[in-house]
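K.L.:
Okay, here's the prediction I keep looking at, along with the sequence it came from:
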Amino acid sequence: MRRTSPPRSGTHCTESPAGPYGQAGRRPPATTEPTSPTAPDGFLSGVRDSATGTVTYDFDAGGRITEKRHGDRMERYSYDTCENTTAAEWAASEVGLTADRQGDRHYTGTLLRMAGRTRFSTTCRAASCGVSAERSPAPP
């Protein structure tokens with residue numbers, strides 16, 4: 001889910017093939033329908049799924065998701081001017097989201113190198129590429 005906004009003047013960004021949002025920008029499943037009412041600006045403010053319930057979203061002025069709420073669970077995201085996710089947080093018990101990947105994001109160009117305490121490395125040989133993740137030790 002993403003709102004469309006005009007590009008910022010004076011900003012040059014290179015978008016990665018996966019898009020600028022990573023895990024935060026996943027499309028809702030096909031079984032969803034818009035919640036009612038929509039936000040005052042006419043955009044969706046959430047989705048309702050008959051199997052999992054209602055998910056609501058907050059957006060920044062650029063149309064990026066800054067908060068996602070589903071029942072008592074919440075995720076928060078922040079972005080840089082190139083729309084890269086710069087920080088993310090969620091409950092450590094969130095299904096599918098590990099606490100090791102919470103926190104600041106670090107990039108080299110458009111490659112995500114670190115998310116929280118998880119480091120990512122990319123290896124390319126011939127026509128094949130792989131990405132590996134390594135957890136950093138917990139701070140003392």
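P.N.:
Arrived safely.

K.L.:
just wondering, since we're on residue 61, how far is it from residue 112?
P.N.:
Distance, residue 61 to residue 112, using C-beta to C-beta, to the nearest Å: 24 Å. (Glycine included, C-beta is placed from N, CA and C.)

K.L.:
of the two, who's got more company?
P.N.:
Of the pair residue 61 and residue 112, residue 112 is the one with more neighbours under other C-beta atoms under 10 Å, namely 19 against 8.

K.L.:
Could you list the low-confidence segments of this protein?
P.N.:
Applying pLDDT under 70 to the chain picks out residues 1-37, 92-101, 123, 125-140.

K.L.:
for it, what spans make up the strands?
P.N.:
Taking DSSP state E as the test, the strands found in the chain are 32-34, 46-49, 53-59, 65-70, 73-79, 85-90, 103-108, 111-115, 118-125, 128-135.

K.L.:
hang on, residue 71 packs against residue 52?
P.N.:
No: using C-beta atoms under 8 Å, residue 71 makes no contact with residue 52, being 9.1 Å away.

K.L.:
So these two - more neighbours on which side?
P.N.:
Neighbour count, other C-beta under 10 Å: between residue 71 and residue 52, residue 52 has more, with 13 against 9.

K.L.:
Which residue, neighbours along the chain excluded, lies closest to that one?
P.N.:
Distance criterion C-beta to C-beta, 6 or more residues apart in numbering; nearest residue to residue 52, sequence neighbours excluded, is residue 70 at 7.5 Å.

K.L.:
next one: residue 78
P.N.:
Distances taken as C-beta to C-beta, 6+ apart place residue 87 nearest to residue 78, at 4.7 Å, with adjacent residues excluded.

K.L.:
ok, how many other residues are close to the one you found?
P.N.:
Residue 87: 15 surrounding residues under other C-beta under 10 Å.

K.L.:
ok, it - contacts?
P.N.:
Residues counted as contacts of residue 87 (C-beta atoms under 8 Å, 6 or more residues apart in numbering) are 76, 77, 78, 103, 104, 105.
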